[in-house]
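Participant: Turn this into a model:
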Amino acid sequence: MRNITSSASFADSKPHYEILDGLRGVAALLVIWYHVFEGFATSPVDQRFNHGYLAVDFFFVLSGFVVGYAYDDRWKRMRLGDFFKRRLIRLHPMLVMGVLLGALSFMVQGSVKWDGTPVILSDVMLATLLGLFLIPALPGSAPEVRGNGEMFPLNGPSWSLFFEYIGNVLYALFLRRLSTRWLTVWVVLTGAGLASFALFNLSGFGHLGVGWSLLDYNLPGGLLRMMFSFSVGLLMSRLFKPVHIRGAFWWCSLGVAILLCVPHLGTGGAWWHNGLYDSLCVLFAFPLLVWLGASGQTTDHASTRVCKFLGDISYPLYIIHYPFMYLFYAWVWRKELSFSQAWPVATAVFLGSILLAYLCLKLYDEPVRRWLSRKFLERKP
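Facilitator: The predicted structure follows:
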């Protein structure tokens, strides 16, 4: 592992696994296309780029691995409050930006729900306030302004940050204290729960694309997704021994892309087929890809720069792109367009999201995190 300076390192002093940074960026890029094709689907069954929702599980595995690597050996000299400050400094500034962009896009769209019902400004302001503090909106409540049950209707992907924060709290209070043997037991139990959720079709479509709402089984499903994936990443950080692999970044990137692009399985109502696929991806394929990615090294300057760039923009890209998806969906549905008609705008949304993420990173996120780190983090000798 090279000692490169990643954007993620302002709140964490250890160097990063450069290939894992790059893989996080690859997954974030794929999430955008998954969301693009949501605008042309009538259900999870007929959506092209079908399994993009599993990128969140991949992110959770990465997060558990990196958090375990970065913090497990610090607790004798690090207070609980310092850990939470570091994680807030790392994650919350861009969360704030995503919520503000979401509020702006909602008002540009006309401040109406998906069914055309007008939303008063005070409800938009309340939704913004809840989003800034990562407090979910209850389905049907005034701040649930889009009317489709999202926990965070101004910026949908905030739901995964909600569970990420829960994962960090569990790690600091509970998981880090477990021995490796008991952590293994915890991983097995949560993995069995997650597989059962998928195989017994609690989502309604035999998939794990849950957690974004408080409706139905979304909350327990989201908790299971986070608890297994974050915990297995943490366990791997304790057990990790690199294996020899050449071209790890490119092979792992290809693996992530293929797994996320597979069509929905189980036509004719055999939902367990898709549940089995999702379970195999999350329980085995993603941990394997993270292990291989952590084992590899970039061997040339170009690959190193690609991984660093993708890692730097991965979180900003993920958390700020969706407000523009809302506008894209409204345009597509109003004009009843197919993808073949809308692909130039879809491509512009994709490229524009990358550019905006980079600008937010350099002009907002990095400076804010530097300032917060200087102000609130104790300097260690």
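Participant: Distance of C261 relative to T347?
Facilitator: Between C261 and T347 the computed distance is 17 Å (C-beta to C-beta, to the nearest Å). For glycine as for every other residue, the C-beta is placed from the backbone atoms N, C-alpha and C.
Participant: Of these two, give the one with the bigger neighbour count.
Facilitator: C261 (15 against 11; other C-beta atoms under 10 Å).
Participant: so who does that one touch?
Facilitator: Counting by C-beta atoms under 8 Å, 6 or more residues apart in numbering, C261 makes contact with 30, 49-52.
Participant: so L327 makes contact with M107?
Facilitator: No: with contact defined as C-beta atoms under 8 Å, L327 does not reach M107; the gap is 11.0 Å.
Participant: my read: F197 touches G221, true?
Facilitator: Yes: counting by C-beta under 8 Å, F197 touches G221, with 5.5 Å between them.
Participant: got any residues that touch both of those two?
Facilitator: 203, 208, 210.
Participant: Out of those residues, which one has the weakest pLDDT?
Facilitator: Minimum pLDDT for those is recorded at S203 (93).
Participant: Run a quick neighbour tally on that one.
Facilitator: 23.
Participant: How about L100?
Facilitator: 17.
Participant: Now the element after the helix or strand harbouring it, going C-ward?
Facilitator: Assigning secondary structure by DSSP states H and E places L100 in helix 80-108. Following helix 80-108 in sequence order, the next helix or strand is helix 121-132 (DSSP H and E).
Participant: ranges for the helices of this structure?
Facilitator: Counting by DSSP state H, one finds helices in the chain at the ranges 18-38, 55-71, 80-108, 121-132, 158-173, 180-199, 218-239, 248-261, 271-280, 286-295, 301-320, 322-335, 339-360, 366-376.
Participant: Might you list the low-confidence residue ranges for this structure?
Facilitator: Applying pLDDT under 70 to the chain flags the ranges 1-15, 268, 378-381.
Participant: Would you reformat the shared contacts of F197 and G221 as CSV and include distance to E164?
Facilitator: As requested, the shared contacts of F197 and G221 are arranged in CSV below (distance: C-beta to C-beta, whole Å):
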residue, distance to E164
S203, 20
L208, 16
V210, 16
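Participant: Relative to the whole chain's centre, how far out is stretch 260-280?
Facilitator: 21 Å (C-alpha atoms, centre = their mean, to the nearest Å).
Participant: no, scratch that, I was asking about stretch 305-324
Facilitator: Per C-alpha atoms, centre = their mean, the centroid offset for stretch 305-324 relative to its chain is 11 Å.
Participant: And that stretch, what's buried?
Facilitator: Neighbour-count burial for stretch 305-324, counted by 16 or more other C-beta atoms under 10 Å, picks out 306-324.
Participant: Show me which of the contacts of C261 is closest to V145.
Facilitator: Set against V145, the nearest of the contacts of C261 by C-beta to C-beta is G52 (24.7 Å).
Participant: Please name the nearest non-neighbouring residue to the closest one.
Facilitator: Y34 (2.3 Å; C-beta to C-beta, 6 or more residues apart in numbering).
Participant: Run a quick neighbour tally on that neighbour.
Facilitator: Y34: 22 surrounding residues under other C-beta under 10 Å.
Participant: go on, R48?
Facilitator: By other C-beta under 10 Å, the residues close to R48 number 16.
Participant: now it, nearest residue through space, not along the chain?
Facilitator: Here the residue nearest R48, using C-beta to C-beta, 6+ apart, is F37, at 4.7 Å.
Participant: what sits up against stretch 134-153?
Facilitator: Residues outside stretch 134-153 that contact it (C-beta under 8 Å, 6+ apart): 95, 99, 102, 106, 111, 113-115, 117, 119, 123-124, 126-127, 130-131, 154, 156, 158-159, 161-162, 165, 212-215, 326.
Participant: before we move on, what about stretch 264-279?
Facilitator: Outside stretch 264-279, the residues that touch it by C-beta under 8 Å, 6+ apart are 44-47, 50-51, 54, 194-195, 198-201, 205-208, 262.
Participant: likewise stretch 294-309?
Facilitator: Outside stretch 294-309, the residues touching it (C-beta under 8 Å, 6+ apart) are 1-2, 4, 6, 17-22, 25, 65, 240, 242-249, 252.
Participant: Can I get the buried part of the residues you listed as one PyMOL selection?
Facilitator: Remark: buried members of the contacts of stretch 294-309, expressed as a PyMOL selection using 16+ other C-beta under 10 Å:
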select buried, resi 1+4+6+17+18+19+20+21+22+25+65+240+245+248+249+252
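Participant: coming back round to it: from what I can see the residue nearest to R48 touches A342, true?
Facilitator: No: contact criterion C-beta under 8 Å: F37 and A342 do not qualify, at 10.6 Å.
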